[in-house]
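> Based on what follows, work out the 3D shape:
(one chain, ligands or ions: 1)
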Amino acid sequence: MDIKYIIKEARYYAKLNGFSRAFKKFLLTQTPLRKIVNTPLYNRIYLAKIRKKAGKLQPKILQIENTNLCNAKCIMCPHVIMKRKGKIMKFGEFKKILDNVMKNYDFKRLTISGFGEPFVDKNIIEKIAYANEKYPKLKVDVYTNASLITKEITDRLLGTNIDRITFSINGTKKNYKKIMALDYRNTKKNVLYLLKEKKRRKHKVLTNMSLMILKENERDVKDFIDFWSALADSVRVYAPSDWAGSVRNIEKKVLFKGKRWPCTGLWNNITVDVKGNVIMCCRDYESKVKFGNLLKEDIKKIRNSEKFKELLERQLKFDFSDAICRNCDNSFDSSLDWIC
Ligand code: SF4
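Have a look, this model is predicted:
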């Protein structure tokens with residue numbers, strides 16, 4: 001692999017998660033040291049570590065779904081089969097939810113995205129600005145397909161302290177329309193304008209280009225990396241998810257390769273859907289598992305509920321039989337998330 005690409009990615013993840021965490025993860029995934037992961041000794045040590053750490057963990061990442069409406073029709077995304085009614089979260093609801101959790105926890109990061117295209121929401125810039133002003137230490141990021149980020153939106157977006165933008169592009173000129181049903185020229189133009197403006201304004205926002213590897217684009221992955229890595233802070237290509245068993249046409253299903261570990265996401269993250277429900281995680285696109293509603297209840301009450309505590313206990317006993325988790329393809333190396 002290209003050394004320049006590796007260095008660039010290392011720099012991006014160090015900025016995002018801190019140098020020591022990025023370094024440990026690099027050692028345990030990209031060097032011969034990876035052979036120790038999931039050996040019996042490793043498992044013994046880290047199981048003890050997990051049990052010790054679990055009781056003390058406080059959530060750090062908040063994800064709020066500002067809308068579940070989307071203008072794309074991606075072939076690998078269950079949005080096309082989602083039964084939840086489309087909605088945009090009102091500004092007042094967003095503030096209420098954010099204030100509810102921030103008065104109880106010291107969150108590090110807020111992701112304003114969920115199971116929709118966040119820029120369908122005309123108030124998203126106000127929501128980012130509100131979070132920036134009221135909670136200056138909170139890092140705000142978004143995941144977008146970039147198709148709606150016109151020059152005017154970009155100018156306003158770069159007027160905020162947005163910390164990271166992940167562009168889900170998933171293709172090149174050859175296959176993009178087939179995969180996402182959007183116009184490649186428009187998307188590329190929008191991203192290039194944002195990258196140019198970021199440079200001109202010396203805005204600190206981190207930019208990440210992401211592509212899910214599918215049979216439709218696998219021959220063009222190198223072109224994708226070569227083109228975008230010269231321009232953005234990071235390029236991430238990754239194996240497809242089947243959304244906890246929901247998308248049956250995904251061919252490269254990732255199988256658990258070793259021991260499955262308790263999912264750190266349940267301790268570290270709070271995922272809120274567009275109606276204010278606290279749900280299992282971003283895999284739960286139908287909001288099947290709800291722990292409570294932040295428009296009506298205090299977050300501490302929800303996190304201390306029997307339903308939620310029992311879920312954590314089951315995970316610590318390596319019982320992954322809960323709906324959604326049982327088919328999850330996201331956690332085969334999650335032991336690393338506990339130690340890194
Ligand atoms: S195990 Fe998978 S489905 Fe369950 S909370 Fe973690 S990421 Fe979500």
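
> does any part of stretch 58-70 sit near the ligand?
No - residues of stretch 58-70 are not located near the ligand by Cβ under 6 Å from any ligand atom, the shortest gap being 11.5 Å. For the C-beta atoms, the positions are set from N, CA and C on the backbone; glycine is no exception.

> does Lys198 sit in a helix or strand, and which one?
With elements delineated by DSSP states H and E, Lys198 resides in helix 184-201, which encompasses its position.

> Against which helices or strands is that helix packed?
In this structure, helix 184-201 makes packing contacts with helix 151-157, helix 176-180, strand 206-212, judged by 3 or more Cβ pairs under 8 Å, 6 or more residues apart in numbering; DSSP states H and E.

> Enumerate the positions of it that are buried.
Of all the residues in helix 184-201, those buried under the rule 16 or more other Cβ atoms under 10 Å are 184, 187-188, 190-191, 193-195, 198.

> so which two of those residues are the farthest from each other?
Using Cβ to Cβ, these reach their maximum pairwise distance at Tyr184 and Lys198, which is 20.9 Å.

> So which residues of the chain form helices?
If DSSP state H is used as the criterion, the helices of the chain fall at 3-17, 19-30, 40-54, 91-102, 124-134, 151-157, 176-180, 184-201, 221-229, 264-268, 299-303, 306-316, 335-339.

> burial count for the closest residue to Ile162 other than its chain neighbours?
Sequence neighbours aside, Val205 is the residue nearest to Ile162 in space, at 5.2 Å (criterion: Cβ to Cβ, 6 or more residues apart in numbering). The criterion is other Cβ atoms under 10 Å. On that basis, Val205 has 20 neighbouring residues.

> Give me the pLDDT for Val205.
Turning to Val205, the model gives it a pLDDT of 97.

> can you check Leu336 too?
Per-residue confidence for Leu336 comes out at a pLDDT of 71.

> That one and Phe26 touch, don't they?
No - under the criterion of Cβ atoms under 8 Å, Leu336 makes no contact with Phe26, lying 10.6 Å away.

> Next, the contact list for Phe318, please.
Under the criterion of Cβ atoms under 8 Å, 6 or more residues apart in numbering, the contact partners of Phe318 comprise 260-262.

> distance of it from Lys24?
From Phe318 over to Lys24 the distance is 23 Å, taken as Cβ to Cβ, to the nearest Å.

> Tell me, how many residues neighbour the residue lying closest to Asp337 once chain neighbours are set aside?
If you skip the residues right next to it in sequence, Asp337 has Thr264 as its closest partner in space, 4.0 Å away by Cβ to Cβ, 6+ apart. Close neighbours of Thr264, defined as other Cβ under 10 Å, add up to 21.

> Without its sequence neighbours, what residue ends up closest to Met212?
Using Cβ to Cβ, 6+ apart, the closest residue to Met212 is Pro240 (5.0 Å).

> Contact partners for Val191?
146, 149, 167, 169, 209.

> Quick one, grab the pLDDT at it.
Val191 is assigned a predicted lDDT (pLDDT) of 98.

> Out of the helices and strands packed on helix 184-201, which is closest to the ligand?
Evaluated with Cβ to the nearest ligand atom, those place strand 206-212 nearest to the ligand, the distance being 16.1 Å.

> chain center to the closest one: distance?
Its chain's C-alpha centre and that of strand 206-212 lie 11 Å apart, by Cα atoms, centre = their mean, to the nearest Å.
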